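Asker: structure of the sequence below:
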Amino acid sequence: MELIKKNAQIKLAEQGRDLLREKMDALIQEFFHIMVSVSKSREELETAAIIAQRSLCVAEAVDDLTALKSASFATKRSLTLDIRGKNIMGVPVPLVERKTVTKSVLERGYSMIGTSGRIDETAERYEAALDLIIGLAETETSLRRLGDEIQMNRRRVNALEQVLIPELKKQAKYIKIAIEEREREDLYRLKKVKKILERRRNATKKQPTSVGAA
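Answerer: Numbering: from 1, shown residues only. Have a look, this model is predicted:
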């Protein structure tokens, strides 16, 4: 019964290992899929940041710095994001509702009379960069959590494959050897008993039969 129990545990552990491997393979595929998106978003953000910085430098060089600072303070406000969650192969990842940060000139809060088109362009460039930052934050967080899950699954697979399953097989082998040893001992005892019974039977046959007087 103990050997049957160990074999069942080995089978269950191997099934768990195989399922974890399948999950890890699916997570790795999703990880590389998101990584491509992250790499592309980073390149876009780098380009957008360079363009925005160039626009700011032009505005600082040409326009009145006081007007530029006033415009920046006027547009300075908090940003509210609607963040929900979703699951990728059982891994919770954030999902940011895409609300564009880009505003019209009237929505930015500064006076159109005291500012130039260069300041408007600078604000538009940085708003576009902020849109990319929000999207990148979502995908990078998803990528990080998937990476953590992959590492955890890899540790579980290694623990099953290198520790638990070999130990269970070792225990099952020990039990099997003990059972085989016991069977050999039982067989030896049976043979010994059989020989004793045969000797007694033969001894009984050889005893002389007494004949009564006529």
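Asker: quick one: name whatever helix or strand follows the helix or strand containing Met35.
Answerer: Per DSSP states H and E: Met35 is located in helix 2-62. Where DSSP H and E defines the elements, the next helix or strand beyond helix 2-62 is helix 65-74.
Asker: that following helix packs against which elements?
Answerer: helix 117-159 (3 or more CB pairs under 8 Å, 6 or more residues apart in numbering; DSSP states H and E). For every residue, glycine as well, the C-beta is placed using N, CA and C.
Asker: just the buried positions in the lowest-mean-pLDDT helix or strand in the chain, please.
Answerer: Lowest on mean pLDDT, DSSP states H and E among the helices and strands of the chain sits helix 65-74, with a mean of 72. Within helix 65-74, the residues scored as buried using 16 or more other CB atoms under 10 Å are 67-68, 70-71.
Asker: how near is Lys23 to Ile51?
Answerer: Using CB to CB, to the nearest Å, we find Lys23 at a distance of 42 Å from Ile51.
Asker: now for the residue nearest the centre of the chain: which residues touch it?
Answerer: What sits nearest the mean C-alpha location of the chain, by CA atoms, centre = their mean, is Glu149, with 2.2 Å. When contacts are counted by CB atoms under 8 Å, 6 or more residues apart in numbering, Glu149 is found next to 27, 89-91.
Asker: try 10 Å
Answerer: 23-24, 27, 30-31, 88-93 (CB atoms under 10 Å, 6 or more residues apart in numbering).
Asker: follow-up on the earlier one: need the max-distance pair from the buried residues of helix 65-74.
Answerer: The largest separation in those, counting by CB to CB, is between Leu68 and Ser70 at 7.3 Å.
Asker: pretty sure Val38 is touching Leu132, no?
Answerer: No: checked against CB atoms under 10 Å, the pair Val38 and Leu132 is beyond contact range at 11.5 Å.
Asker: give me the common contacts of these two.
Answerer: Common neighbours of Val38 and Leu132 (CB under 10 Å, 6+ apart) do not exist.
Asker: quick one: low-confidence ranges for this structure?
Answerer: Counting by pLDDT under 70, the chain contains low-confidence ranges at 73-78, 98-100, 102, 104-114, 206-214.
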